[in-house]
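K.L.:
what follows is a predicted structure for the sequence shown.
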Amino acid sequence: MSAQLVSILLPNHRTPELTCLCLRLLHKHTPAQLARVIVVDNASDEVSLTYLRSLDWITLLERNIDADSDPAQSHARALDLALSQVTTPYVCSIHTDTLIKRGDWLDYLLNQIRGKSNCAGVGSWKLDTRAQRWQWILSVEQVLQRHFPRLKGRRTLLREQRHETGRYLRSHCALYRTDLIRRYQLSFVDNGISSTGRCLHQSLVTQGHRMVFLPEQDMSFYLEHLNHATILLNPRLHRQVQYGVAHPLQMYRRQRRMRKKLLAFGAEEVLNDDSLDR
């Protein structure tokens, strides 16, 4: 398998059906000669582990974690553990709620980074309608500034949001150059911050490298991100996250939206097709 170009890193925590769906779609749409899949289990139950141990096409790493540890940090440490096993030129992080749609998804990402020596990573900010609305606002802002020069320099809602949150390549699907991560001895763990990959992203930018944000509508053509599905499917984690703690009604609405997406995705058919595991 020396010709493999990419190592795909996938942390897992107690979402057996979602993990099964994610892996089956990944296996279906990813040529084995192109990528190696490394799954890191964060102290899941026996149901999840039994399934993962049955797959001979993944590399499975098992971690024992403190039950009270921060979920985001556990996720980041799992990525770091997987990263230590990487021998390919590129590394791609995904989530168990990242659902692949097309067989050329990895080619699409590779085409954005290969042959561009100063490009260290490609991916997106968020793959949801809210992020796409902000992209639309940015487009409108640029048109207005071209026609009304006096608007230039004024802070917009979009700029204020970026200032408050800071954009970085999200780990639901981000492709990096392995050599640069190793050269600068970088980590997915952000010291005291529940934002996997933020410091890694900023460090690469500080070193003078480009981090490319791909259009959300283009990324959505190749994959779907359910967004916080692990948290939604594990109520006990709600109290542990340091951000986004939602009202029960809001959580219910998010779960309902997620179920609708799964239905539209044909999740039941995939989960009933055991041949996708082979």
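P.N.:
Everything's here; your move.
K.L.:
any idea how far Ser171 is from Ala32?
P.N.:
23 Å (CB to CB, to the nearest Å). Quick note: C-beta positions are derived from backbone N, CA and C, even for glycine.
K.L.:
which one's more surrounded, those two?
P.N.:
Ser171 (25 against 11; other CB atoms under 10 Å).
K.L.:
for the more buried one, list the residues it contacts.
P.N.:
75, 79, 93-95, 188, 196-197 (CB atoms under 8 Å, 6 or more residues apart in numbering).
K.L.:
am I right that it is in a helix?
P.N.:
No - counting by DSSP: H, G, I helix; E, B strand; the rest coil, one finds Ser171 to be coil, located in no helix.
K.L.:
ramachandran angles for it?
P.N.:
phi -80, psi 0 (degrees, to the nearest 10).
K.L.:
just give me the residue right at the centre of this protein.
P.N.:
Geometric centre of the chain, nearest residue: His172, 0.8 Å, by CA atoms, centre = their mean.
K.L.:
I'd say it and Ile94 touch.
P.N.:
Yes - using CB atoms under 8 Å, His172 is in contact with Ile94, at 6.4 Å.
K.L.:
can you name the next helix or strand after the lowest-mean-pLDDT helix or strand in the chain?
P.N.:
Confidence across the helices and strands of the chain bottoms out at helix 157-165, with a mean of 43, counting by mean pLDDT, DSSP states H and E. Following helix 157-165 in sequence order, the next helix or strand is strand 173-177 (DSSP states H and E).
K.L.:
for that following strand, packing partners?
P.N.:
strand 90-94, helix 105-113, strand 119-123 (3 or more CB pairs under 8 Å, 6 or more residues apart in numbering; DSSP states H and E).
K.L.:
so what's the gap between the longest one and the chain middle?
P.N.:
Relative to its parent chain, helix 105-113 has a centroid offset of 15 Å by CA atoms, centre = their mean, to the nearest Å.
K.L.:
angle of it against strand 173-177?
P.N.:
On the basis of axes from the mean of the first three to the mean of the last three CA atoms, to 10 degrees, helix 105-113 is oriented at 50 degrees to strand 173-177.
K.L.:
so which residues make contact with helix 105-113?
P.N.:
Here helix 105-113 has contacts from 5-6, 29-31, 34-35, 90, 92, 119, 121-123, 173, 175, 177, 212, 214, 218, 222-223, using CB under 8 Å, 6+ apart.
K.L.:
now that helix: buried residues?
P.N.:
105-106, 108-110, 112-113 (16 or more other CB atoms under 10 Å).
K.L.:
and the helix or strand harbouring Lys261, what does it pack against?
P.N.:
Lys261 belongs to helix 248-264 when assigned by DSSP H and E. Judged by 3+ CB pairs under 8 Å, 6+ apart, the packing partners of helix 248-264 are helix 229-233.
K.L.:
quick one: mean pLDDT for the helix it packs on?
P.N.:
Helix 229-233 carries an average pLDDT of 49.
K.L.:
now swap in stretch 212-219 and tell me
P.N.:
95.
K.L.:
equivalent analysis for stretch 91-111, please.
P.N.:
Computed over stretch 91-111, the average pLDDT equals 97.
K.L.:
kindly check the end-to-end length of it for me.
P.N.:
14 Å (CA to CA, to the nearest Å).
K.L.:
please compute how far that stretch lies from its chain's middle.
P.N.:
9 Å.
K.L.:
returning to what we had before: immediately after the helix holding Lys261, which helix or strand?
P.N.:
That would be, after helix 248-264 and using DSSP H and E, helix 267-271.
K.L.:
helices or strands up against that next one?
P.N.:
Short answer (3+ CB pairs under 8 Å, 6+ apart): helix 267-271 packs on helix 16-29.
K.L.:
just the CA atoms of the helix it packs on, as PDB, please.
P.N.:
Taking Å, rounded to 0.1, in the frame of the first residue of the first chain, the C-alpha atoms of helix 16-29 are listed here in PDB:
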ATOM      1  CA  PRO A  16     -22.600   2.700  16.800                       C
ATOM      2  CA  GLU A  17     -25.200   3.200  14.100                       C
ATOM      3  CA  LEU A  18     -23.800   6.600  13.100                       C
ATOM      4  CA  THR A  19     -20.300   5.200  13.000                       C
ATOM      5  CA  CYS A  20     -21.500   2.300  10.900                       C
ATOM      6  CA  LEU A  21     -23.200   4.600   8.500                       C
ATOM      7  CA  CYS A  22     -20.100   6.800   8.200                       C
ATOM      8  CA  LEU A  23     -17.700   4.000   7.700                       C
ATOM      9  CA  ARG A  24     -19.800   2.200   5.200                       C
ATOM     10  CA  LEU A  25     -20.200   5.300   3.100                       C
ATOM     11  CA  LEU A  26     -16.500   6.000   3.500                       C
ATOM     12  CA  HIS A  27     -15.600   2.500   2.400                       C
ATOM     13  CA  LYS A  28     -18.000   2.700  -0.600                       C
ATOM     14  CA  HIS A  29     -16.700   6.000  -1.900                       C
END
